[in-house]
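*Asks:* Predicted model and sequence below, questions to follow.
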Amino acid sequence: MSNITPIVMPKWGLSMKEGTVTSWLVTEGTNITVGMPILDVETDKIANAVEAPDAGLLRKIVAHEGELLPVKALLGVMADTDVSDADIDAYIASYVTPAVDEDEADAAPTTLRLDVGDISVRYARRGNAGGTPVLFIHGFGGDLDNWLFNIDAVAEKAEVIALDLPGHGQSTVRLPGTSLADMANFVARFMDAINVPKAHLVGHSMGGAIAAQLAVTQPNRVESLTLIGSAGFGDEINSSYTSGFASAASRKELKPLLEQLFYDPSLVSRQLVDDVLKYKRSDGVEQVLKTLSEALFPGGRQSEKPGLKLGEAGKRVLMLWGSDDKVVPAAHAKNAPKGATVELFDQAGHMVQMEKAGDVNRLLVAHVTA
Amino acid sequence: MARKISIKQAINEAIDQEMTRDPSVIMMGEDIVGGSGSFGEMDAWGGVLGVTKGLYAKHGSRLLDTPLSESAYVGAAVGAAACGMRPIAELMFIDFMGVCFDQIFNQAAKFRYMFGGKAQTPVVIRAMVGAGFRAAAQHSQMLTPLFTHIPGLKVVCPSSAYDAKGLLIQSIRDNDPVIFCEHKNLYAMEGEVPETSYTIPLGEANVVREGKDVSIVTYGLMVHRSLEAAATLAKEGIEVEVVDLRTLSPLDLDTVLDSVTKTGRLVCVDEASPRCNIATDISALVSMHAFSALKAGIEMISPPHCPVPFSPTLEDLYIPGSDRIADAVRKTLQKGKK
């Protein structure tokens, strides 16, 4: 039976316990290759395609469309033709979904908290310490859950840290300042507070600009850069998104804005809109977002472009962009520093790390373990 | 993960945070400080079910224990609101509102209109609603329709801890009188609630379960009965959408119409007495605005038109249960098949 490879319900993000099989994208008899999208799964947070983690011949589909199943439940079985149907049936019959140990989950909190000056920071830390950790920095209006498809995958190869920036997610609703330098200095102070002298920085959107800023002004803190749909490389930015996001007060206003983030707008689930709305309705958040948006993106232009100075910093740079990015144009990738690796993804929008999670994770792991 | 607290704790936290933020927020009510008068013990009861427990220790004389006269202190709260304070009046049971209708209906609800916008009445009147507490006919009514009927009043009835905190903070900050209805049988229900202050706008319904076959429109305790029914029906392959109105006035009719336009079938569930209640109101509005979208007649589930019985057996029969709701959903699907 060792020649049988199971396909199981993936765990996306820190809080996922179960997912619904929306549809299969392959049929029994398909030769599956690593990274091939094989089925669509919907969780209470988001819908996405499951990319095959292993290769093989799909012999049997076990989970039917519409079924709600726990993480690690058996979805399908891959095996070579020399494995008999009886063996496959026996494998399915004997498969036991590993239970999620509630006590263990309680003992190890999914996120941590730490005071940096007068700002309480929520962050996640995963993987084994040792080596240079990977630090994820989300974008404007985002939080560490923007990395829900990436944190655990990268943590298998390196220590991973992801934070909620000041005024974002569940960190204190207060800004250390409104310039990229203020935000980059804050990230450096956060790194001090968690005893991380140097990190591989991974920044998305505004987080990319913050990472680039830190690489320019404090290069000794930065091992390498991975910049995803990054700000800080050109003038244009979609101000209907940035200012609209800051002021949107209802689900009706917010949903079409969030849909602009994705190539496939159907990825924006009700729960995703609810979660963003919950954040936005906290006291002070709207003002923080407006202040930040007006400082960094006044009149639809980016006021600071640290990416253009990255050539002097001499860091290894991996730059990832969705061809259909409707927030920061993919054309800005042409301003990447010399020697940077640039990858454009078709059928992906601003949230490349979600829409092309498998590819992004592979490139990211290769980049930080090189 | 956000921590989980009960609806009772969420209400306490909302009052505490608003009293801390805004010195014009005060509270009046019977036994809200304690059981031994206005200088009550620090560990005193804090309201009939302990919702305001601990607030006196933090905010002192801004919580006033009043004599047993709802007409007096509700009038005082309305007057204080007209003079610039943001009072929260706690009536133990909404059933006792009867003795202060003039203060609420004729005064608080009318000031802004009759003074040409020069006056406002930012008062919140909190009261327990609903049956199932073995408290008999004078302590168990769901009087939400009475207040919804009066222009100038806002009426809120949350179903979860998250909503309770956000809606109460918004109600306290709102410049109009708000009747805040707390279901006594939901006080212990827990949910994830952020520790920070946040608001939910009044007049925004919440789709608590999505489905394509039938819409259930409801609020308060009945949200949970409806969700139980939806879970049962899901096993039969029926996908029910559950809309929690959250605020009865102003009413988020758009969300209701969007849902009915999608499903074509409507079941209104209301714990209030069946004549002229929220269910009849929603049914009438949907018939008027979305008749062409309906594939079957509208069903309404409410208690019988009688006082809430004291006999536990009869009281349990009185309150609409998930079985009745599920049957009504199946009925709308049968009607559509003809």
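*Replies:* That came in fine, so what should we check first?
*Asks:* ranges for the strands of the stretch 201-338 of chain B?
*Replies:* For the stretch 201-338 of chain B, the strands defined by DSSP state E, counting those that start in this stretch occupy B:206-209, B:214-218, B:240-244, B:247-249, B:266-269, B:299-301.
*Asks:* helices or strands up against the third one?
*Replies:* Same thing as strand B:240-244. Applying 3 or more C-beta pairs under 8 Å, 6 or more residues apart in numbering or on different chains; DSSP states H and E, we find strand B:240-244 packed against strand B:206-209, strand B:214-218, helix B:221-234, helix B:253-263. (Glycine included, C-beta is placed from N, CA and C.)
*Asks:* Can you list the strands that that strand pairs with?
*Replies:* strand B:206-209 (antiparallel), strand B:214-218 (parallel) (DSSP bridges).
*Asks:* That strand to helix B:221-234, inter-axis angle?
*Replies:* Inter-element angle recorded for strand B:240-244 and helix B:221-234: 170 degrees (by axes from the mean of the first three to the mean of the last three C-alpha atoms, to 10 degrees).
*Asks:* re earlier: can you add mean pLDDT and give the strands of the stretch 201-338 of chain B back as JSON lines?
*Replies:* Below are the strands of the stretch 201-338 of chain B laid out as JSON lines (pLDDT from 0 to 100):
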{"stretch": "strand B:206-209", "mean pLDDT": "95"}
{"stretch": "strand B:214-218", "mean pLDDT": "98"}
{"stretch": "strand B:240-244", "mean pLDDT": "98"}
{"stretch": "strand B:247-249", "mean pLDDT": "98"}
{"stretch": "strand B:266-269", "mean pLDDT": "98"}
{"stretch": "strand B:299-301", "mean pLDDT": "98"}
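*Asks:* What residues does the stretch 101-250 of chain A have near chain B?
*Replies:* Contacts of the stretch 101-250 of chain A with chain B, taken as C-beta under 8 Å from any C-beta of the partner chain, map to A:109-111, A:170, A:173, A:249-250.
*Asks:* what's the neighbour count on residue A:299?
*Replies:* 9 (other C-beta atoms under 10 Å in any protein chain shown).
*Asks:* For residue A:280, see how far away the closest residue to it other than its chain neighbours is.
*Replies:* Once flanking residues are discounted, residue A:299 sits nearest to residue A:239: 6.7 Å by C-beta to C-beta, 6 or more residues apart in numbering or on different chains. From residue A:239 over to residue A:280 the distance is 18 Å, taken as C-beta to C-beta, to the nearest Å.
*Asks:* cool, and residue B:23?
*Replies:* 27 Å.
*Asks:* how close does the residue nearest the centre of chain B get to residue B:205?
*Replies:* For chain B, residue B:157 is the residue whose C-alpha lies nearest the centre (C-alpha atoms, centre = their mean; 1.5 Å). Distance from residue B:157 to residue B:205, counting by C-beta to C-beta: 12 Å.
*Asks:* Now do the shared contacts for these two.
*Replies:* B:245-247 (C-beta atoms under 8 Å, 6 or more residues apart in numbering or on different chains).
*Asks:* Which of residue A:239 and residue A:280 has more residues huddled nearby?
*Replies:* residue A:280 (19 against 15).
*Asks:* Could you verify my assumption that the more buried one touches residue A:248?
*Replies:* Yes: contact between residue A:280 and residue A:248 holds when scored by C-beta atoms under 8 Å: they sit 7.1 Å apart.
*Asks:* Where do the helices of the chain begin and end?
*Replies:* Went with chain A since none was named. All helices of chain A, identified by DSSP state H, fall at A:85-94, A:102-107, A:151-155, A:180-193, A:206-217, A:239-247, A:251-259, A:270-280, A:285-296, A:310-313, A:352-355, A:357-369.
*Asks:* oops, chain B please
*Replies:* B:7-21, B:55-59, B:70-82, B:101, B:111-114, B:144-148, B:161-173, B:221-234, B:253-263, B:278-290, B:312-318, B:322-336.
*Asks:* what's the most buried one of those helices?
*Replies:* Most buried of the helices of chain B by mean neighbour count (mean count of other C-beta atoms under 10 Å in any protein chain shown) is helix B:161-173; its value is a mean of 25.
*Asks:* Pull the helix or strand of chain B with the lowest mean pLDDT out as CSV, backbone CA atoms only.
*Replies:* Here the helix or strand of chain B ranked lowest by mean pLDDT, DSSP states H and E is helix B:55-59, holding a mean of 88. Provided in CSV are the C-alpha atoms of helix B:55-59 (Å, rounded to 0.1, in the frame of the first residue of the first chain):
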residue,chain,number,x,y,z
LEU,B,55,-19.5,49.1,36.7
TYR,B,56,-20.2,51.0,39.9
ALA,B,57,-16.7,50.2,41.2
LYS,B,58,-15.2,51.7,38.1
HIS,B,59,-17.6,54.6,37.4
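*Asks:* Find me the pLDDT at the residue of the stretch 51-200 of chain A found nearest chain B, would you?
*Replies:* For the stretch 51-200 of chain A and chain B, the shortest gap (C-beta to the nearest C-beta) falls at residue A:110, measuring 6.2 Å. If you check residue A:110, the pLDDT there is 78.
*Asks:* My guess is it contacts residue A:124. True?
*Replies:* Yes: counting by C-beta under 8 Å, residue A:110 touches residue A:124, with 6.7 Å between them.
*Asks:* Comparing those two, which residue is more hemmed in?
*Replies:* residue A:124 (22 against 12).
*Asks:* what's the nearest residue to the residue nearest to the centre of chain B if we skip its chain neighbours?
*Replies:* Spatial nearest neighbour of residue B:157, chain neighbours left out: residue B:181 (4.2 Å); criterion: C-beta to C-beta, 6+ apart.
*Asks:* Highest mean neighbour count across the helices of chain A, which stretch is it?
*Replies:* Stretch with highest mean neighbour count among the helices of chain A: helix A:206-217 (a mean of 28; mean count of other C-beta under 10 Å).
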